[in-house]
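> Quick one, structure for this:
(one chain, ligands or ions: 1)
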Amino acid sequence: MIDFCGLSLAHPIVNGSGTFDAIAARRTFGDALLADFPFAAFVSKTVTLEPRQGNPPPRLWEQPAGLINSIGLPNRGLDGYLERDLPELGALPVPLIVNVMGFTRGEVGRLVAAFAARDEVAAVELNVSCPNVESGLVMGADPGETAALLEHVRPLTSKPLIVKLTPNATDVGAVAAAAEAAGADAVSLINTLRGMALSPGTGEPWLGGRTGGVSGPAVRAIALAQVGEVAARVTIPVVGMGGVERGVDADDLLRAGATLVAVGTESFRDPRAGERVADELRDLQSKRSEIAPEIRSADTQKTGIK
Ligand SMILES: Cc1cc2nc3c(=O)[nH]c(=O)nc-3n(C[C@H](O)[C@H](O)[C@H](O)COP(=O)(O)O)c2cc1C
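Coordinates of the predicted model:
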């Protein structure tokens with residue numbers, strides 16, 4: 001078992017917000033999904049205060065090493081989520097982490113307070129990739145904005161608060177340190193990187209939102225660097241994600257300092273990716289622990305250092 005902010009998880013693999021629709025999966029796979037859930041905790045898609053339609057289509061561009069998405073966070077809004085999504089997600093066999101986003105600190109506060117009151121919710125993840133309409137600054141791109149947000153929402157809940165950092169920041173380590181100092185229980189990263197694709201015919205931006213978020217193997221090396229940087233700056237747990245396809249990718253993020261690893265884009269190709277990555281990781285770690293004593297003793301003989 002893994003302890004993450006007081007939650008006991010069966011293994012270190014969770015999903016990235018917005019990349020696995022557990023409600024649709026339950027409709028497709030039935031109760032078999034519950035008997036054999038692919039993740040150790042479920043992170044729900046971003047919820048906003050008001051319902052959102054999302055961006056105009058097209059919303060996805062597939063590229064050789066992943067996706068560019070311009071989904072635009074469509075969701076039912078807080079009331080619709082409480083009424084229709086929470087009863088289904090609260091019945092999953094793993095802890096539920098609700099991801100929220102607001103356009104002002106007050107909006108984020110209302111979302112955090114609403115979920116603080118719900119027993120089905122184990123933790124809240126703050127998606128800070130959007131601009132604060134009052135200051136014009138992206139909440140997670142500036143350490144001062146991030147700290148001010150945490151200071152506002154921290155008193156509203158005793159549940160663990162995870163800050164999902166944006167990689168589109170000048171100094172992600174400074175933002176993570178500010179989040180920790182202002183009371184965050186954990187940080188998660190990376191969210192998608194801004195990118196663009198042009199329509200081959202017209203040369204105009206392909207995506208309805210013009211630009212979108214790049215994810216998948218294309219961002220893996222960036223995720224590894226940022227997770228390593230952040231893990232060295234904070235003492236709270238880090239959830240690492242970005243381009244994880246196999247157990248070895250998860251292992252890299254754990255070795256860079258993450259406590260948990262999220263699988264995102266890969267779940268679109270393989271809905272059981274979470275479970276597969278967890279199995280591959282377990283194999284890798286047990287093989288390493290079998291050979292490690294021999295390597296250690298060979299090293300000791302060579303160097304004399306124990
Ligand atoms: C289609 C799609 C939708 C996403 N929706 C959300 C979302 O609603 N909230 C959020 O915080 N991150 C969202 N993300 C970002 C992922 O959770 C994750 O941070 C990112 O994709 C990097 O991981 P990956 O390379 O394994 O996909 C989304 C990513 C994709 C590809």
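> Helices of the stretch 1-150 of the chain, start to end?
With DSSP state H, counting those that start in this stretch, the ranges of helices along the stretch 1-150 of the chain come out as 22-29, 32-35, 77-80, 86-89, 105-116, 143-153.
> how far off helix 143-153 does the longest one point, in degrees?
Okay, so that is helix 105-116. Helix 105-116 and helix 143-153 meet at an angle of 50 degrees, taking axes from the mean of the first three to the mean of the last three C-alpha atoms, to 10 degrees as the criterion.
> What residues are bridge-paired with the closest residue to the ligand within the stretch 101-250 of the chain?
Closest approach of the stretch 101-250 of the chain to the ligand (C-beta to the nearest ligand atom) occurs at Ser215, with a separation of 3.3 Å. (C-beta placed from N, C-alpha, C; glycine too.) Each beta-bridge partner of Ser215 is listed here: Leu67, as defined by DSSP bridges.
> Distance of it relative to Ile13?
As for Ser215, its distance to Ile13 is 17 Å (criterion: C-beta to C-beta, to the nearest Å).
> Contacts only, for the residue in the stretch 151-300 of the chain that the ligand sits nearest to.
Taking C-beta to the nearest ligand atom as the measure, the stretch 151-300 of the chain has Gly264 as its residue closest to the ligand, at 2.4 Å. Gly264 is in contact with Asn15, Gly16, Gly18, Thr19, Ser215, Gly216, Met241, Gly242, Val244, counting by C-beta atoms under 8 Å, 6 or more residues apart in numbering.
> In space, what's closest to it - neighbours in sequence excluded?
If you skip the residues right next to it in sequence, Gly264 has Gly16 as its closest partner in space, 3.1 Å away by C-beta to C-beta, 6 or more residues apart in numbering.
> That neighbour and Ser44: what is the separation?
With distances defined as C-beta to C-beta, the gap from Gly16 to Ser44 amounts to 11 Å.
> Now that we have the contacts of Gly264, which of them are buried?
Asn15, Gly16, Gly18, Thr19, Ser215, Gly216, Met241, Gly242, Val244 (16 or more other C-beta atoms under 10 Å).
> Asp142: what's it in contact with?
Each residue near Asp142 by C-beta under 8 Å, 6+ apart is listed here: Ala169, Val175.
> cool, Ala273 as well?
Pro38, Glu245, Val263, Glu266, Ser267.
> pLDDT score assigned to the first one?
I take that to be Pro38. With respect to pLDDT, Pro38 has a value of 96.
> can you check the fourth one too?
The score at Glu266 is 98. That number is its pLDDT.
> Skip the chain neighbours and tell me the closest residue to it.
Excluding the flanking residues, the one nearest Glu266 by C-beta to C-beta, 6+ apart is Ala273, at 4.4 Å.
> So for that neighbour, what's the pLDDT?
In this prediction, Ala273 carries a pLDDT score of 97.
> near the ligand, which residues of the stretch 51-200 of the chain show up?
If contact is defined as C-beta under 6 Å from any ligand atom, the residues of the stretch 51-200 of the chain in contact with the ligand are Leu67, Asn69, Ile71, Leu73, Asn99, Asn127, Lys164, Ile190, Asn191, Thr192.
> These in strands, which ones?
Counting by DSSP state E, those place Leu67, Asn69, Asn99, Asn127, Lys164 in strands.
> Redo these as TSV? Include pLDDT and neighbour count.
TSV is the format used below for those (pLDDT from 0 to 100; neighbours: other C-beta atoms under 10 Å):
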residue	pLDDT	neighbour count
Leu67	96	22
Asn69	95	24
Asn99	98	23
Asn127	96	26
Lys164	97	27
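> quick revisit: need the per-residue pLDDT for the residue nearest to Gly264.
Taking Gly16 on its own, its pLDDT is 98.
> Please apply the same query to Leu137.
Taken from the predicted model, the pLDDT recorded for Leu137 is 78.
> Ramachandran coordinates for Pro205?
The phi/psi pair for Pro205 (degrees, to the nearest 10) reads phi -50, psi 130.
> Pretty sure it sits against Gly212.
No - under the criterion of C-beta atoms under 8 Å, Pro205 makes no contact with Gly212, lying 9.1 Å away.
> any common contacting residues for the two?
Shared between the contact lists of Pro205 and Gly212 (criterion: C-beta under 8 Å, 6+ apart) are residues Met196, Ala197.
> Neighbour count: these two, which is higher?
Gly212 (27 against 17; other C-beta atoms under 10 Å).
> Please settle this for me: is the more buried one part of a strand?
Yes - under DSSP: H, G, I helix; E, B strand; the rest coil, Gly212 sits within a strand.
> Now do the same contact list for the residue nearest to it when sequence neighbours are not counted.
Distance criterion C-beta to C-beta, 6+ apart; nearest residue to Gly212, sequence neighbours excluded, is Ser70 at 3.5 Å. Ser70 makes contact with Asn55, Pro58, Arg59, Leu60, Leu207, Gly208, Gly209, Arg210, Thr211, Gly212, Gly213, according to C-beta under 8 Å, 6+ apart.
> Lovely, talk soon.
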